[in-house]
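Student: Fold the following, please.
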Amino acid sequence: QVQLVESGGGLVQAGGSLRLSCAASGRTFSNLAMGWFRQAPGKEREFVAAISWSGGSTNYVDSVKGRFTISRDNAKNLVYLQMNVLKPEDTAVYYCAARQSWFSGPSATATEYAYWGQGTQVTVSS
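Tutor: Sure, this is the predicted structure:
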């Protein structure tokens, strides 16, 4: 079992930055690929970014490429999402997720993630 807790959300003006953190506990964190997803009001949950178990491979949705960076610190059981040049359309609840399989890649498919946090709200004002 893996427990995930997100933090770092908040209200920011367009063009600003936020860094989300996800603290993991339970199973061997360093063996698991991790992802960030988001859900805006009235919309389906969508993939944002993912990172492989080693940190050597990452994956991003096109809309955040060049603005968001995912990283991890396996020694601290933490995953980060650095978000720069935020836009109003980035407003959503952001979820951290962990894949079920060990030593897996940075998948964009939500059904491949077995463990989810409760989410943290990010609001970008125009």
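Student: what stretches of the protein score poorly on pLDDT?
Tutor: Counting by pLDDT under 70, the chain contains low-confidence ranges at 27.
Student: Can you tell me the centre-most residue of this protein?
Tutor: Trp36 (2.2 Å; CA atoms, centre = their mean).
Student: Show me what the longest strand along the chain is packed up against.
Tutor: The single longest strand within the chain, with elements called by DSSP state E, is strand 92-102. Applying 3 or more CB pairs under 8 Å, 6 or more residues apart in numbering; DSSP states H and E, one finds that strand 92-102 makes contact with strand 2-7, strand 18-26, strand 32-39, strand 113-116, strand 120-125. Just so you know, the C-beta spots here come from the backbone N, C-alpha and C atoms, and that holds for glycine as well.
Student: If you count neighbours, what's buried in it?
Tutor: Applying a neighbour-count criterion of 16 or more other CB atoms under 10 Å, one finds Ala92, Val93, Tyr94, Tyr95, Cys96, Ala97, Ala98, Arg99 buried in strand 92-102.
Student: Repeat that for stretch 45-55.
Tutor: For stretch 45-55, the neighbour count (16+ other CB under 10 Å) marks Arg45, Phe47, Val48, Ala49, Ala50, Ile51, Ser52, Trp53, Gly55 as buried.
Student: Serialize those to TSV and add fields for secondary structure.
Tutor: Converted to TSV, those look like this (DSSP: H, G, I helix; E, B strand; the rest coil):
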residue	secondary structure
Arg45	coil
Phe47	strand
Val48	strand
Ala49	strand
Ala50	strand
Ile51	strand
Ser52	coil
Trp53	coil
Gly55	coil
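Student: JSON lines for those, including distance to Gly119?
Tutor: Shown next, in JSON lines, are the buried residues of stretch 45-55 (distance: CB to CB, whole Å):
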{"residue": "Arg45", "distance to Gly119": "10"}
{"residue": "Phe47", "distance to Gly119": "15"}
{"residue": "Val48", "distance to Gly119": "12"}
{"residue": "Ala49", "distance to Gly119": "15"}
{"residue": "Ala50", "distance to Gly119": "17"}
{"residue": "Ile51", "distance to Gly119": "19"}
{"residue": "Ser52", "distance to Gly119": "23"}
{"residue": "Trp53", "distance to Gly119": "23"}
{"residue": "Gly55", "distance to Gly119": "23"}
